[in-house]
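S.K.: Please find the sequence and the predicted model below.
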Amino acid sequence: DTLKLDGRVDVRVISKTLGTTEQQEIGFLKDSLKQKNLEIGDLIESIKGIKLNSGIQKSQIDAYKVGSADPKLARYELWAGFLETEGRYYIITLLTVGREEDFYTWAQNIETFKFALQTLSPVNDEEDN
């Protein structure tokens, strides 16, 4: 009960050959959060200006408040990056302590998340075709 989660990064790589869509994958993300008694709350901001690998054709990076019945997660944020290449979807999420709760830890987590996005180097999708 006294444990506090400072931050957690998760990465999912989904092949488009599975026939899934971006909307379905967002639904799967929401479902996995529900299983942890979490939900995506209000949008805090859309993140711009992160330099991504040239193989990324489409990206959307947003920060949300986290909704939870658990008071330990009440002031947390979820940062989600949805990246698309020719053959794959990449979903990178960060569950972090909120900026008002612990700014120093939040700032470290955000920089780590941005670094992960900037250094993501997609595999060669041409080999899958």
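M.R.: Nice, thanks for sending it over. This structure is a prediction, so every number in the text was calculated from the model and none was measured.
S.K.: Could I get the contacting residues of E111?
M.R.: If a contact means Cβ atoms under 8 Å, 6 or more residues apart in numbering, then E111 has no contacts. (C-beta placed from N, C-alpha, C; glycine too.)
S.K.: element containing it, please.
M.R.: In this assignment (DSSP states H and E), E111 forms part of helix 103-119.
S.K.: Buried ones in that helix, by neighbour count?
M.R.: Under the neighbour-count criterion of 16 or more other Cβ atoms under 10 Å, helix 103-119 has 105-106, 109-110, 113-114, 117 buried.
S.K.: and that helix, C-alpha only, in PDB?
M.R.: Extracted C-alpha coordinates of helix 103-119, given in PDB (Å, rounded to 0.1, in the frame of the first residue of the first chain):
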ATOM      1  CA  PHE A 103       7.900  17.600 -11.000                       C
ATOM      2  CA  TYR A 104      11.500  16.400 -10.900                       C
ATOM      3  CA  THR A 105      10.500  12.700 -11.400                       C
ATOM      4  CA  TRP A 106       7.900  13.700 -14.000                       C
ATOM      5  CA  ALA A 107      10.500  15.600 -15.900                       C
ATOM      6  CA  GLN A 108      13.000  12.700 -15.900                       C
ATOM      7  CA  ASN A 109      10.200  10.300 -17.100                       C
ATOM      8  CA  ILE A 110       9.100  12.700 -19.900                       C
ATOM      9  CA  GLU A 111      12.700  13.100 -21.200                       C
ATOM     10  CA  THR A 112      13.200   9.300 -21.100                       C
ATOM     11  CA  PHE A 113       9.900   8.800 -23.000                       C
ATOM     12  CA  LYS A 114      11.000  11.400 -25.600                       C
ATOM     13  CA  PHE A 115      14.400   9.700 -25.900                       C
ATOM     14  CA  ALA A 116      12.700   6.400 -26.600                       C
ATOM     15  CA  LEU A 117      10.600   8.000 -29.400                       C
ATOM     16  CA  GLN A 118      13.600   9.800 -30.900                       C
ATOM     17  CA  THR A 119      15.800   6.700 -31.000                       C
END
